[in-house]
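1. When you get a sec, could you give me coordinates for this:
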Amino acid sequence: MKCVVSVADCGRVMNRRTAESQVRGGVVWGIGAALREAGETDPRYGGVPNNDLAVYFVPVNADIGAIDVDFIDEPDTKLNISVVKGLGKVAMVGATAAIVNAVYNATGKRIRHLLIRIDDLR
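-> Purely as a prediction, here's the structure:
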């Protein structure tokens, strides 16, 4: 069973392995942004109490299921001579939006900020 399916339209795919890896990373980043990652600030002193990976929660392999990646793979001849579009952070935006919409469909509450916390659903 797949956890996430992400399909990207990035023109001609120059290196499939690299492109798939970039999309998988973007999906993991999107899941983290929606459900895990929060930069906390100490209101008394202005410091950041979770300023290292020991206490800053990011998704790890055990948190993420399978990610199935595919591409439209149609060259965009009007964009540039190599008919390639940038892939960048496109996967992160889609994954985060899908999670926010899933929360809305499940609870009826539209959350308009990230990180989604359980307190936002009360």
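
2. residue ranges of the helices in the protein, please?
-> Ranges of helices within the chain are 16-35, 90-107, based on DSSP state H.

3. The last one to helix 16-35, inter-axis angle?
-> With axes from the mean of the first three to the mean of the last three CA atoms, to 10 degrees as the basis, helix 90-107 and helix 16-35 are set at 40 degrees to each other.

4. tell me which residues in helix 90-107 are buried?
-> Burial within helix 90-107, assessed by neighbour count using 16 or more other CB atoms under 10 Å, is assigned to 90-92, 94-96, 98-100, 103. All C-beta atoms are positioned from the backbone trio N, CA, C, and that covers glycine.

5. Could you export those as JSON lines, including pLDDT?
-> Converted to JSON lines, the buried residues of helix 90-107 look like this (pLDDT from 0 to 100):
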{"residue": "V90", "pLDDT": "81"}
{"residue": "A91", "pLDDT": "82"}
{"residue": "M92", "pLDDT": "86"}
{"residue": "G94", "pLDDT": "88"}
{"residue": "A95", "pLDDT": "89"}
{"residue": "T96", "pLDDT": "91"}
{"residue": "A98", "pLDDT": "92"}
{"residue": "I99", "pLDDT": "92"}
{"residue": "V100", "pLDDT": "94"}
{"residue": "V103", "pLDDT": "95"}
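
6. Understood, closing this out.
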